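> What follows is a predicted structure for the sequence shown.
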Amino acid sequence: MTITSYHAHVYYNEKTRHRAGLIRKQIESAFTVKMGRWRDKPVGPHPQAMYQVAFESNQFGELVPWLMLHRDGLDILVHPNTGSSHKDHTANAIWLGNKLGLCLEALDDAKEAGS
């Protein structure tokens with residue numbers, strides 16, 4: 001199993017959307033990453049509104065500690081991309097803040113495995 005890249009999912013709600021926006025602007029100005037669009041409703045395995053930050057493996061050591069210190073109370077899921085969506089979002093994931101309950105049945109390989 002090889003890590004090809006990472007995703008960070010920044011979760012927010014109606015009350016914290018402004019803070020999420022400030023963090024997003026800071027990320028965009030400090031790092032070369034691919035920002036996903038705002039998802040104001042749950043999508044895929046994500047149980048609440050979020051946006052995704054896609055980044056390369058060599059950025060992990062700089063971006064994740066930055067997120068730890070600048071998340072402003074928001075919950076963030078950081079996971080590798082190995083080709084195993086289920087393991088990437090569970091056993092191989094790290095949480096900054098609270099661990100949210102993901103909708104794992106929405107993951108492609110969870111469907112194939114019958115979980």
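Happy to help now that I have it.
> rest of the way, CA atoms for contacts and neighbours
Noted.
> Could you give the bridge partners of the residue lying closest to residue 54 once chain neighbours are set aside?
Nearest non-adjacent residue to residue 54, counting by C-alpha to C-alpha, 6 or more residues apart in numbering: residue 7, 4.6 Å away. When assigned by DSSP bridges, residue 7 has beta-bridge partners residue 54, residue 79.
> Got the confidence number for residue 7?
Looking at residue 7, its pLDDT stands at 98.
> ok, now residue 106?
Listed pLDDT for residue 106 reads 79.
> Roughly how far does it sit from residue 96?
22 Å (C-alpha to C-alpha, to the nearest Å).
> The two - which one has more neighbours?
residue 96 (18 against 15; other C-alpha atoms under 10 Å).
> and the closest residue to residue 72 other than its chain neighbours, how many neighbours does it have?
Excluding its sequence neighbours, the residue lying closest to residue 72 (C-alpha to C-alpha, 6+ apart) is residue 19, at 7.2 Å. A count of neighbours around residue 19, defined by other C-alpha under 10 Å, yields 16.
> ok, now residue 41?
Considering only other C-alpha under 10 Å, residue 41 is surrounded by 11 other residues.
> Which pLDDT value goes with it?
Per-residue pLDDT puts residue 41 at 95.
> Now it: closest residue in space that isn't a chain neighbour?
Nearest to residue 41 is residue 49, by C-alpha to C-alpha, 6+ apart, at 4.8 Å.
> hey, where'd the helices end up in this protein?
Counting by DSSP state H, the segments of the chain that form helices are 17-30, 60-70, 85-89, 108-113.
> need these in TSV with distance to residue 79, can you?
Shown next, in TSV, are these (distance: least, C-alpha to C-alpha, whole Å):
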stretch	distance to residue 79
helix 17-30	17
helix 60-70	10
helix 85-89	6
helix 108-113	16
